[in-house]
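Engineer: pasting the structure only:
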Ligand code: ZN
């Protein structure tokens with residue numbers, strides 16, 4: 001409730017690099033490199049209907065790489081690949097309070113794709129910040145699902 005913006009966030013408000021996501025045309029083809037050749041462990045493959053993607057989550061120690069395969073050509077990732085080809089799709093930073101982050105960013109004039117959080121892979125609350133505000137890379141914020149129960 002302070003009226004002035006001071007230094008900003010405490011450093012633990014941004015908890016970690018949650019994942020880096022790569023758009024691919026085929027999960028199986030991409031996993032031949034990431035899993036078989038590079039030796040990463042695939043933690044699982046999940047379909048996220050809302051975003052029309054099949055996601056393979058790869059363990060990289062303290063963070064993850066996600067491979068995103070579009071379920072259809074007119075899905076967001078399908079369009080991304082059609083326009084720019086496969087490659088880096090977004091970077092995701094974990095946050096503790098996504099609603100507060102979005103409100104603050106909006107107040108600072110940041111261009112948001114999602115004004116309100118929605119539910120992403122693994123039940124996390126997620127929202128995207130527009131590349132126009134981030135130096136050209138889609139930035140995802142993610143607040144992990146509170147482990148109430150599952
Ligand atoms: Zn993501």
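Structural biologist: All right, it came through fine. Nothing here was measured: the structure is a model prediction, and the numbers come from that model.
Engineer: and the chain, which residues reach the ion?
Structural biologist: Those residues of the chain that sit near the ion, judged by Cβ under 5 Å from the ion, are 21, 92, 140. Where you see a C-beta, it was placed from the backbone N, CA and C, and this is true even at glycine.
Engineer: name the element the first one belongs to?
Structural biologist: So that's residue 21. Here residue 21 sits within strand 14-23, counting by DSSP states H and E.
Engineer: low pLDDT regions in this protein?
Structural biologist: 1-12, 147-150 (pLDDT under 70).
Engineer: let's see 50
Structural biologist: 1-7, 149-150 (pLDDT under 50).
Engineer: strands along that one, start to end?
Structural biologist: For the chain, applying DSSP state E gives strands covering 14-23, 41-48, 53-59, 64-70, 87-95, 118-119, 125-129, 138-143.
Engineer: okay if I get those strands as TSV plus distance to residue 34?
Structural biologist: Output for the strands of the chain, formatted as TSV (distance: least, Cβ to Cβ, whole Å):
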stretch	distance to residue 34
strand 14-23	9
strand 41-48	8
strand 53-59	6
strand 64-70	7
strand 87-95	14
strand 118-119	26
strand 125-129	22
strand 138-143	20
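Engineer: quick one, which of those gets closest to residue 79.
Structural biologist: Residue 79 sits nearest to strand 64-70 of all these, at 8.2 Å, using Cβ to Cβ.
Engineer: so residue 55 sits against residue 48, correct?
Structural biologist: Yes: between residue 55 and residue 48 there is a contact at 5.9 Å, judged by Cβ atoms under 8 Å.
Engineer: shared neighbours, these two?
Structural biologist: Common contact partners of residue 55 and residue 48 (Cβ atoms under 8 Å, 6 or more residues apart in numbering): residue 121.
Engineer: between those two, which has more neighbouring residues?
Structural biologist: Neighbour totals were compared for residue 55 and residue 48, and residue 55 leads with 21 against 15 (other Cβ atoms under 10 Å).
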